[in-house]
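*Asks:* Here you go, sequence then predicted model.
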Amino acid sequence: MRALLWTVLAVAVMGNVIAAFLPDAGSQVIVNIATGIVVLASCGGLVLARKRHSCV
């Protein structure tokens with residue numbers, strides 16, 4: 001599951017970089033919003049899926 005979340009995160013970041021080269025500003029906004037949502041969801045999933053260590 002974590003590997004999938006890391007892959008989704010990496011693909012979304014690459015998509016965000018590629019969106020900078022789109023010729024239409026409207027397309028850039030749509031792609032940036034979509035990839036931003038995916039990045040936030042993936043990061044949230046990674047935080048929730050992390051292994052917790054006991055400090056006691």
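*Replies:* Good, I have the coordinates.
*Asks:* Every contact and neighbour count from this point should use C-alpha atoms.
*Replies:* Fine.
*Asks:* Whatever helix or strand Ala10 lives in - contacts with which helices or strands?
*Replies:* Secondary structure assignment for Ala10, by DSSP states H and E: helix 2-19. On a contact count with 3 or more Cα pairs under 8 Å, 6 or more residues apart in numbering; DSSP states H and E, helix 2-19 meets helix 25-49.
*Asks:* out of everything not next to it in sequence, what's closest to the most centrally placed residue in the chain?
*Replies:* Centroid-nearest residue in the chain: Val39, 2.0 Å away (criterion: Cα atoms, centre = their mean). Nearest in space to Val39, with sequence neighbours left out and distances taken as Cα to Cα, 6 or more residues apart in numbering, is Leu9 at 5.5 Å.
*Asks:* how close does that neighbour sit to Gly44?
*Replies:* Leu9 sits 11 Å away from Gly44, going by Cα to Cα, to the nearest Å.
*Asks:* List the contacts of stretch 25-32.
*Replies:* Gly15, Asn16, Ala19, Ala20, Leu22 (Cα atoms under 8 Å, 6 or more residues apart in numbering).
*Asks:* my bad, should have said stretch 34-43
*Replies:* With Cα under 8 Å, 6+ apart as the contact definition, stretch 34-43 has outside contacts at Leu5, Trp6, Val8, Leu9, Ala12, Val13, Gly15, Asn16.
*Asks:* which stretches of this structure have low pLDDT?
*Replies:* In the predicted model, the chain carries pLDDT under 70 at residues 54-56.
*Asks:* 80 - rerun?
*Replies:* Applying pLDDT under 80 to the chain flags residues 52-56.
*Asks:* sorry, back to before: which one's more surrounded, Leu9 and Gly44?
*Replies:* Shown here are Leu9 and Gly44; by other Cα atoms under 10 Å, Leu9 has more neighbours (21 against 12).
*Asks:* Which residues are in contact with the more buried one?
*Replies:* Counting by Cα under 8 Å, 6+ apart, Leu9 has contacts Val38, Val39, Ser42, Cys43.
*Asks:* Mind giving me the ChimeraX select for the contacts of stretch 25-32, buried ones only?
*Replies:* A single ChimeraX command selects the buried members of the contacts of stretch 25-32 (16 or more other Cα atoms under 10 Å):
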select :15,16,19
